[in-house]
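> coords please:
(one chain, ligands or ions: 1)
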Amino acid sequence: MNTDVLNATPRTVSMPTDTGWWRDAVIYQVYVRSFADGSGDGTGDLAGVRDRLGYLKELGVDAIWFTPWYPSPLADGGYDVQDYRDIDPRFGTLAEAEQLIEEALALGIRTIIDIVPNHISDQHEWFQQALAAGPGSPERARFWFHPGRGENGDEMPTDWVSSFQGSTWTRTTNPDGTPGEWYLHLFTREQPDLNWNHPDVRREHEDILRFWFDRGVAGVRIDSAAMPVKDAALPSLPKGTAAPGDHPHIDRDELHDIYRDWRAVADEYEGERVLVGEVWLDDAERFARYLRSDEMHTAFNFDFMTQPWNAAAMRASITRTLAEHEPIGAPATWVLSNHDITRPVTRYGRADSGFAFLRKRFGTPTDIARGTQRARAAALLVAALPGSLYIYQGDELGLPEVELPREVIQDPMHFRSEGVDPGRDGCRVPLPWSGTSAPYGFGGTAWLPQPADWSTYTVEAQRSDPTSMLNLYRQAIALRRSQADFATGELEWLELGADIIAFHRGDNLISITNLSATPVPLPAHHEVLLSSAPLGGVLPPDSTVWLALRESPERSDGAQQ
Ligand code: NOJ
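From the prediction side, this is the model:
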């Protein structure tokens, strides 16, 4: 552990005090390893992010969410955390992170960090101590160590299935070389699960929250937030669907006490520090329970992200999402992708345009031009919806998913599928900033190879092209800020046809997305605010337009353009 920091007083950070900032914020996800490389070693780092804060300011985002930046053996891209109170030396230092948080705040950009409560790295000192201390020790009680089943204890303690496919238990070896206890890991074997019934685990995480809130962090994204609590009886998986709250390791009721405690910690701080949950649940009522007023502020809306390019499916998802959030007064979130998901440009260019982890395959035919057209339309559609908006780095450049050669893939999902699943590295390829060949201004030779045909995707190339994806995102974000109806207007559906998603925001703004195969006439309007494709008097297939019915009032809450 980084012991220097335990007694160090963090710098005093003055936080902005605007209330409800997170309700309609635009939050940009930085996957540090692949954003920008300031040191020239081929891995993105904090120096790279600090250099590019101006880019994010120009894009117009309100906050950055950093995927884990802590020291990590990178068995799962940083979601195997070795020390929560430090920065991976490949990315920089804690002092640099503190500077970055302050510099971003000075530009009006808040910082959200990733907290991973379900598991830690097997190299974390707690796990190393547990291995050394042996069966029955207090050190092992922080985890799920258990004897195996069967005569020789060589069968796994449960039949639980990993989110990454494959087994959820690994057997240890005793100091004398004989096989020992097993430990639970819902993800890879390098990510042992913590035992949330243990007071040390709870106390440690509350301390970690304070550690970062003291340093000016405005919120935390909670990784795998429905998974940390386990049924201590270690029962078998239910046959069929589990009764609500009765699954042995997903969405257990005890989780809510944990997040209430976390909320109390967040509320000790000025400037509204927020909890954002990564909650994958099909049951809308159970999902909404995480968003009660004394728990998380928001949670990712994966329901919409997984929908295919189909008006009925997307509209039904929007309706469901708004209906489940409305009674609890929590804002929805809109997410087109993240570091785990096939890029929208690629997804929407495929025959199967929805998303499911287990359906990913090498060599899937893709029409990138069509996917790009649709991703542009989807960007405007989600930016017009009420709630907060997440943008995964590179989606604003329209980057496609890269089909990487097998020998460079590092993602454990690929290996655990025995090479069937291409994994998630295809959306983690380092960003192209400038120039005409790799590494496209990223820094050193990128840790994952960038395609030879990415010169048209660079920030430099797109800046000067008024029709680029980058300029579409910039204009959309600026309009979200400047038009009062985006923040406060009620959403009211407009019926323009089965394959059209159209709605009012307030009494001035209309958003129309055409998912049909034919152009659609535009309703009477005062002004076209923005469109994802050239209009020529009609809205072409696979595109979105924003219309104003009269001259628009500016937002009066001080939001800048
Ligand atoms: C969800 C994260 O987004 C993903 O990248 C990670 O592999 C798992 N949680 C496990 O931490």
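> every contact and neighbour count from this point should use C-alpha atoms.
Noted.
> residues in contact with stretch 322-335?
Stretch 322-335 has contacts (C-alpha atoms under 8 Å, 6 or more residues apart in numbering) with 23-24, 284-285, 288, 291-293, 297-302, 304-305, 321, 382-383, 385-391.
> residue 481 belongs to a helix?
Yes. Going by DSSP: H, G, I helix; E, B strand; the rest coil, the assignment for residue 481 places it inside a helix.
> domain map for the chain?
Following automatic domain parsing, one gets these domains for the chain: 3-115+201-237+247-463, 125-184.
> mind checking how far the shortest one is from the chain centre?
Okay, so that is domain 125-184. Its chain's C-alpha centre lies 30 Å from the corresponding centre of domain 125-184 when counted by C-alpha atoms, centre = their mean, to the nearest Å.
> just use 291 as the starting number from now, easier for me
I'll keep to 291 as the first residue from here, and by that count the last item is domain 415-474.
> for the closest residue to residue 350 other than its chain neighbours, grab phi and psi.
Nearest in space to residue 350, with sequence neighbours left out and distances taken as C-alpha to C-alpha, 6 or more residues apart in numbering, is residue 767 at 6.2 Å. Taking degrees, to the nearest 10, you get phi -70, psi -40 for the backbone angles of residue 767.
> any idea how far residue 767 lies from the ligand?
For residue 767, the distance to the ligand equals 25 Å [C-alpha to the nearest ligand atom, to the nearest Å].
> pLDDT score for that residue?
Confidence per residue is given as pLDDT, and for residue 767 that number is 98.
> burial check on it, number of neighbours?
By the measure other C-alpha atoms under 10 Å, the count of residues near residue 767 is 22.
> repeat that for residue 827.
Quick note: residue 827 (other C-alpha under 10 Å) scores 10 neighbours.
> look up how far the ligand lies from it.
Residue 827 sits 42 Å away from the ligand when distances are taken as C-alpha to the nearest ligand atom.
> what does residue 566 give?
As for residue 566, its distance to the ligand is 13 Å (criterion: C-alpha to the nearest ligand atom).
> that older thread, quick one: the residue nearest to residue 350 and residue 674 touch, right?
No. Counting by C-alpha atoms under 8 Å, residue 767 does not reach residue 674; the two are 9.7 Å apart.
> run through the residues that contact the residue positioned nearest the centre of the chain.
For the chain, the residue nearest the mean C-alpha position is residue 628 (4.9 Å; C-alpha atoms, centre = their mean). Residues in contact with residue 628 (C-alpha under 8 Å, 6+ apart) are 319, 681-682.
> repeat the analysis, applying 7 Å as the threshold.
Contacts for residue 628 (C-alpha atoms under 7 Å, 6 or more residues apart in numbering) come out as residue 682.
> same check on residue 575?
The contact partners of residue 575, by C-alpha under 7 Å, 6+ apart, come to residue 614.
> next, give phi and psi for it.
Listed backbone geometry of residue 575 is phi -70, psi -40, with angles given as degrees, to the nearest 10.
> check it and give its pLDDT.
Predicted confidence (pLDDT) for residue 575: 93.
> I'd like the distance between it and residue 582.
Separation of residue 575 from residue 582 (C-alpha to C-alpha, to the nearest Å) stands at 11 Å.
> in the stretch 691-840 of the chain, where is pLDDT below threshold?
Within the stretch 691-840 of the chain, no stretch has pLDDT under 70.
> if you could redo that for the chain, that was the one I meant.
Low-confidence segments of the chain, defined by pLDDT under 70, are located at 291-301, 843-851.
> residues from it in reach of the ligand?
The interface of the chain toward the ligand, taken as C-alpha under 6 Å from any ligand atom, is made up of 366, 369, 513-514, 630.
> including secondary structure and neighbour count, could these go into CSV?
As requested, these are arranged in CSV below (DSSP: H, G, I helix; E, B strand; the rest coil; neighbours: other C-alpha atoms under 10 Å):
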residue, secondary structure, neighbour count
366, coil, 18
369, coil, 26
513, coil, 21
514, coil, 17
630, coil, 13
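> please identify the most buried of the domains of the chain.
When you average the neighbours per residue for each of those (mean count of other C-alpha atoms under 10 Å), domain 293-405+491-527+537-753 leads with a mean of 19.
> now the residue nearest to residue 538 when sequence neighbours are not counted: how far from residue 478?
Ranked by C-alpha to C-alpha, 6+ apart and with sequence neighbours excluded, the top spatial neighbour of residue 538 is residue 521, at 4.8 Å. Distance check for residue 521 against residue 478: by C-alpha to C-alpha, it reads 20 Å.
> how about the helices in the stretch 641-790 of the chain?
Under the criterion DSSP state H, counting those that start in this stretch, the stretch 641-790 of the chain contains helices at 658-673, 702-706, 749-753, 759-772, 774-778.
> what's the nearest residue in the stretch 541-690 of the chain when you look at the ligand?
Ranked by C-alpha to the nearest ligand atom, the top residue of the stretch 541-690 of the chain for proximity to the ligand is residue 630, at 5.5 Å.
> OK, contacts around that residue?
With contacts defined as C-alpha under 7 Å, 6+ apart, the neighbours of residue 630 are residue 714.
> again, only this time at 10 Å
With contacts defined as C-alpha atoms under 10 Å, 6 or more residues apart in numbering, residue 630 is in contact with 647, 713-718.
> just residue 363 next, same as before
Residue 363 sits next to 369-372, 378, 411-414, 480 when contact means C-alpha under 10 Å, 6+ apart.
> dump those into TSV; add distance to residue 808 as well.
Listed next are those as TSV, based on distance: C-alpha to C-alpha, whole Å:
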residue	distance to residue 808
369	45
370	48
371	50
372	54
378	52
411	52
412	55
413	57
414	57
480	51
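> which members of these are the farthest-apart pair?
The most widely separated members of the contacts of residue 363, counting by C-alpha to C-alpha, are 378 and 480 (17.1 Å).
> quick one on the thing from earlier: quick check, nearest of the contacts of residue 363 to the ligand?
Nearest to the ligand among those is residue 369, at 4.6 Å by C-alpha to the nearest ligand atom.
> surely the closest one touches residue 359?
Yes. Judged on C-alpha atoms under 10 Å, residue 369 makes contact with residue 359 at a distance of 9.1 Å.
> shared neighbours, those two?
With contacts taken as C-alpha under 10 Å, 6+ apart, the residues that reach both residue 369 and residue 359 are residue 404.
> how far does stretch 785-802 stretch from start to finish?
The stretch stretch 785-802 measures 10 Å between its terminal residues, going by C-alpha to C-alpha.
> now do the buried residues in it.
Within stretch 785-802, the residues that qualify as buried are 786, 789-796, 798-802, counting by 16 or more other C-alpha atoms under 10 Å.
> filter those down to the ones in strands?
790-795, 799-802 (DSSP state E).
> which one of those is nearest to residue 324?
Distances from residue 324 to these, taken as C-alpha to C-alpha, are shortest for residue 801 (33.3 Å).
> sorry, back to before: export the buried residues of stretch 785-802 to JSON lines and tack on distance to residue 534?
Supplementary listing: those in JSON lines, determined by distance: C-alpha to C-alpha, whole Å:
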{"residue": "786", "distance to residue 534": "38"}
{"residue": "789", "distance to residue 534": "35"}
{"residue": "790", "distance to residue 534": "35"}
{"residue": "791", "distance to residue 534": "33"}
{"residue": "792", "distance to residue 534": "35"}
{"residue": "793", "distance to residue 534": "34"}
{"residue": "794", "distance to residue 534": "36"}
{"residue": "795", "distance to residue 534": "35"}
{"residue": "796", "distance to residue 534": "37"}
{"residue": "798", "distance to residue 534": "42"}
{"residue": "799", "distance to residue 534": "40"}
{"residue": "800", "distance to residue 534": "39"}
{"residue": "801", "distance to residue 534": "37"}
{"residue": "802", "distance to residue 534": "38"}
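> out of the contacts of residue 630, which is nearest to the ligand?
The ligand lies nearest to residue 714 out of the contacts of residue 630, by C-alpha to the nearest ligand atom, at 8.4 Å.
> for the closest one, which non-adjacent residue is closest in space?
Spatial nearest neighbour of residue 714, excluding adjacent residues (C-alpha to C-alpha, 6+ apart): residue 630 at 5.4 Å.
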